[in-house]
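[1] Coordinates only, no sequence provided:
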């Protein structure tokens, strides 16, 4: 059975971009909306950078750097070289091609445009076809409390944790600064409420999906359409395919398995797609009140992406 | 006779950079201070851009783009290509290498550093050796009133006149926004007062030198050392070597000759170096109360730069 109506994906960065690309193998882009995390956004060198929005955009445009999974293909690093000469802040790599996006976004925001408007302009320029909606146009920043060594107890921004410290330091807490005052971006609640199918992408539950849910109104909107919603586990055989989701789950008191993911998503989704490697945990997932669907989920493998898309649309 | 003490140059962009390079052919960099125009500065795409400071820095570092006279050599334009995809503001070209300078400057200013501090850091990184001082750390913006067509009476920023309109539109006025509240940058008044020789570079008198003079205290400091001061005419045979100085002089009611320049600089400089092409006007220059010194001034020609430096140091 194919879903003919609108499909809305709750999205982080790399995993969500792959899920969206998979969906576009089987349904047309006009049918697809992504509601994307902006808690990773940062202001650096005066520029507004939206890593998850850009990862989705560049991936769907076929322009993502295949080696890094972020940034643009055929990238050069001349600006970073100059910055390095001055001893400038260089832990967040900004390619020259990529910089054009940040210059444009910063300029438009400075003119008073909203992040939603700018994102629509950028995705239109890349001819994405899908609707890419920031979870909120308001300022929301994922803050991470470190738990190791001399920095124990210090709170840093998400990118200071993820990129500057290469997510290799233990964490004791995550907080979404500004979430209490944030409003869902234009179209977000409609996209969730009117979707025939909502997909929670295989993104990090705690730092990619949670900041979306933290915007007042979005979690309730998802709870209201729980029967239409399917989540895809970002944890396979107890490990994250990419990034620190497994570590973070453990460090923040969750189980770094599909069962732990099931507990987080049971209030929001009727079904949880788990990888074949976790088939033995299907009963435990079901016991959490969310129906396990076993399928290949590692989208890098040929043919798996489209098959997974069909599974989530079933 | 050689000047052994400190030499201070009142500087705009390209002409001043050439004058400074000429001086460095005959005296060591430790002896040289440039007090530079910041009226051309702009904020674009969220970045703080200081064109005259950068032109001087890149020229003295041997890194200026020889084709354009601004920006860096071996430049690439990937960020501008991306910006063009979005239909972004692209009339002010920012090369990828050059962008690193603007990122660094913007970041440091955002941290609370002054433009003087950042400029010192940048010039140190390029190992300039000279002191490059912004005329002021405060906001000062050269504003140009247009006098042509549908835009007659409109006031635009200097770069909107100079770059966006390629200085090809008539002008009815120039104003230095913020000048009344600006203070001379740290070291500026000392550099003028303690110099053995002050040189007014062959920059545009009305939009490169005047914004420096507009900072309260700088004009008076120069008047006090008039006998030590020599100006070099940017007008040769009634034309500017580069840029719109001749047009602007005429449009704003001055004479676009060395005599017109003499009238502007007579209160500030004891001598005015005029090109051999203008030798016939030496008596008229003298009649303005400033002593004409006739010498080759076109520094692009081999050997002329060092010889001109010796003339101004005489």
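    On my side now, so go ahead. Not measured: the values here are computed from a predicted model.

[2] all helices in the stretch 151-300 of chain A, in order from the N-terminus.
    Using DSSP state H, counting those that start in this stretch, the helices found in the stretch 151-300 of chain A span residues A:158-159, A:188-193, A:210-213, A:218-224, A:245-251, A:258-265, A:282-287.

[3] Run through who's touching the first one.
    The contact list for helix A:158-159 (CB atoms under 8 Å, 6 or more residues apart in numbering or on different chains) reads A:39, A:40, A:42, A:51, A:92, A:141, A:142, A:143, A:144, A:207. C-beta here means a position set from N, CA and C on the backbone, and glycine is covered the same way.

[4] again with the fifth one
    With contacts defined as CB under 8 Å, 6+ apart, helix A:245-251 is touched by A:147, A:167, A:170-172, A:174, A:204-207, A:234-235, A:238-240, A:255-256, A:260-261.

[5] So which bits of the longest helix seen in chain A are buried?
    Ranked by residue count, the top helix of chain A under DSSP state H comes out as helix A:96-110. Going by neighbour count (16 or more other CB atoms under 10 Å in any protein chain shown), the buried part of helix A:96-110 is A:96-109.

[6] Would you reformat those residues as TSV and include distance to residue A:178 and pLDDT?
    Listed next are the buried residues of helix A:96-110 as TSV, based on distance: CB to CB, whole Å; pLDDT from 0 to 100:
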residue	distance to residue A:178	pLDDT
A:96	31	98
A:97	30	98
A:98	25	98
A:99	26	98
A:100	27	98
A:101	23	98
A:102	20	98
A:103	24	98
A:104	23	98
A:105	18	98
A:106	19	98
A:107	23	98
A:108	20	98
A:109	16	98
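
[7] which one of those residues sits closest to chain B?
    Using CB to the nearest CB, residue A:100 comes nearest to chain B of the buried residues of helix A:96-110, at 2.4 Å.

[8] Which residue lies closest in space to the closest one, excluding its sequence neighbours?
    Of all residues not flanking residue A:100 in the chain, residue B:82 sits nearest, at 2.4 Å (CB to CB, 6 or more residues apart in numbering or on different chains).

[9] Also residue A:108?
    residue A:118 is the one closest to residue A:108 (CB to CB, 6+ apart), at 4.5 Å.

[10] Between the helices of the stretch 151-300 of chain A, which one is closest to residue A:127.
    Among the helices of the stretch 151-300 of chain A, the nearest to residue A:127 by CB to CB is helix A:188-193 (20.2 Å).

[11] Give me the packing partners of the closest one, helices and strands only.
    With contacts taken as 3 or more CB pairs under 8 Å, 6 or more residues apart in numbering or on different chains; DSSP states H and E, helix A:188-193 sits against strand A:32-36, strand A:131-134, helix A:218-224.

[12] out of those, nearest to chain B?
    That would be, of those and by CB to the nearest CB, strand A:131-134, which comes in at 14.4 Å.

[13] Need the contact partners of the closest one.
    With CB under 8 Å, 6+ apart as the test, strand A:131-134 has contacts from A:32-36, A:38, A:50, A:53, A:56-57, A:115-116, A:119-120, A:123, A:185-188, A:191.

[14] Just the buried ones from the residues you listed?
    Neighbour counting by 16+ other CB under 10 Å classes A:32-36, A:38, A:50, A:53, A:56-57, A:115-116, A:119-120, A:123, A:185-188, A:191 among those as buried.

[15] Output the helices and strands packed on helix A:188-193 in CSV, with mean pLDDT appended to each entry.
    Compiled in CSV, those are given as follows (pLDDT from 0 to 100):
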stretch, mean pLDDT
strand A:32-36, 98
strand A:131-134, 98
helix A:218-224, 98
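
[16] For residue A:278, which of those is the nearest?
    For the helices and strands packed on helix A:188-193, the distance to residue A:278 is smallest for helix A:218-224, at 23.4 Å, taking CB to CB.

[17] Pull out the buried positions in that closest one.
    Within helix A:218-224, the residues that count as buried by 16+ other CB under 10 Å are A:218, A:221, A:222.

[18] which residues sit in contact with the first one?
    Under the criterion of CB under 8 Å, 6+ apart, the contact partners of residue A:218 comprise A:35, A:135, A:184, A:188, A:189, A:192, A:212.

[19] Now for the residues you listed: which two are most distant?
    Maximum distance among the contacts of residue A:218 (CB to CB): 12.1 Å, for A:189 and A:212.

[20] distance between the ends of stretch A:251-258?
    End-to-end distance for stretch A:251-258, by CA to CA, to the nearest Å: 16 Å.

[21] Would you mind checking the average pLDDT for it?
    In this model, stretch A:251-258 has a mean pLDDT of 97.

[22] so how far is that stretch from its chain's centroid?
    18 Å (CA atoms, centre = their mean, to the nearest Å).

[23] list the buried ones in that stretch?
    Buried-residue list, stretch A:251-258, by 16+ other CB under 10 Å: A:251, A:254, A:255, A:256, A:257, A:258.

[24] export those residues to CSV and tack on distance to residue B:4?
    Output for these, formatted as CSV (distance: CB to CB, whole Å):
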residue, distance to residue B:4
A:251, 67
A:254, 74
A:255, 78
A:256, 73
A:257, 79
A:258, 80
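
[25] Just give me the closest of those to chain B.
    residue A:251 (31.3 Å).

[26] Would you enumerate the residues in contact with the nearest residue to residue A:268 once chain neighbours are set aside?
    Among residues not flanking residue A:268 along the chain, residue A:222 sits closest, at 4.8 Å (CB to CB, 6+ apart). Residues near residue A:222 by CB under 8 Å, 6+ apart: A:10, A:192, A:198, A:213, A:229, A:268.

[27] can you redo the contacts of helix A:158-159 as CSV with pLDDT and secondary structure?
    Below are these laid out as CSV (pLDDT from 0 to 100; DSSP: H, G, I helix; E, B strand; the rest coil):
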residue, pLDDT, secondary structure
A:39, 98, coil
A:40, 97, coil
A:42, 97, strand
A:51, 97, helix
A:92, 95, coil
A:141, 98, strand
A:142, 98, strand
A:143, 98, strand
A:144, 97, strand
A:207, 97, helix
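
[28] and which of those residues is nearest residue B:292?
    Using CB to CB, residue A:92 is the member of the contacts of helix A:158-159 that lies nearest residue B:292, at 56.2 Å.

[29] ok, which residues in the stretch 101-250 of chain A are in contact with chain B?
    Counting by CB under 8 Å from any CB of the partner chain, the stretch 101-250 of chain A comes close to chain B at A:101, A:103, A:104, A:106, A:107, A:110, A:121, A:122, A:125, A:126.

[30] What distance do you get for the second one to residue B:74?
    By that I understand residue A:103. Taking CB to CB, to the nearest Å as the measure, residue A:103 falls 21 Å from residue B:74.

[31] Mind picking the two most distant members of the residues of the stretch 101-250 of chain A next to chain B?
    Greatest spatial distance in these: A:110 and A:126, 21.7 Å, computed using CB to CB.

[32] Count the residues that sit near residue A:28.
    By other CB atoms under 10 Å in any protein chain shown, 10 other residues sit near residue A:28.

[33] Report the contact partners of it.
    Residues in contact with residue A:28 (CB under 8 Å, 6+ apart) are residue A:129.

[34] just the helices of the stretch 151-300 of chain A: most buried one?
    helix A:210-213 (a mean of 26; mean count of other CB atoms under 10 Å in any protein chain shown).

[35] re earlier: ok, the buried residues of helix A:218-224 vs residue B:67, which is closest?
    If you rank the buried residues of helix A:218-224 by distance to residue B:67 using CB to CB, residue A:218 comes first, at 52.8 Å.

[36] what's the span of stretch A:37-50, first residue to last?
    Stretch A:37-50 stretches 9 Å from its first residue to its last (CA to CA).

[37] near chain B, anything from it?
    Yes - judged by CB under 8 Å from any CB, stretch A:37-50 and chain B are in contact via A:44, A:45, A:46, A:47, A:48.

[38] follow-up on the earlier one: quick one: the helices and strands packed on helix A:188-193 as a markdown table, columns for distance to residue B:314 too.
    Shown next, in a markdown table, are the helices and strands packed on helix A:188-193 (distance: least, CB to CB, whole Å):
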| stretch | distance to residue B:314 |
| --- | --- |
| strand A:32-36 | 67 |
| strand A:131-134 | 65 |
| helix A:218-224 | 75 |
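
[39] Alright, calling it a day.
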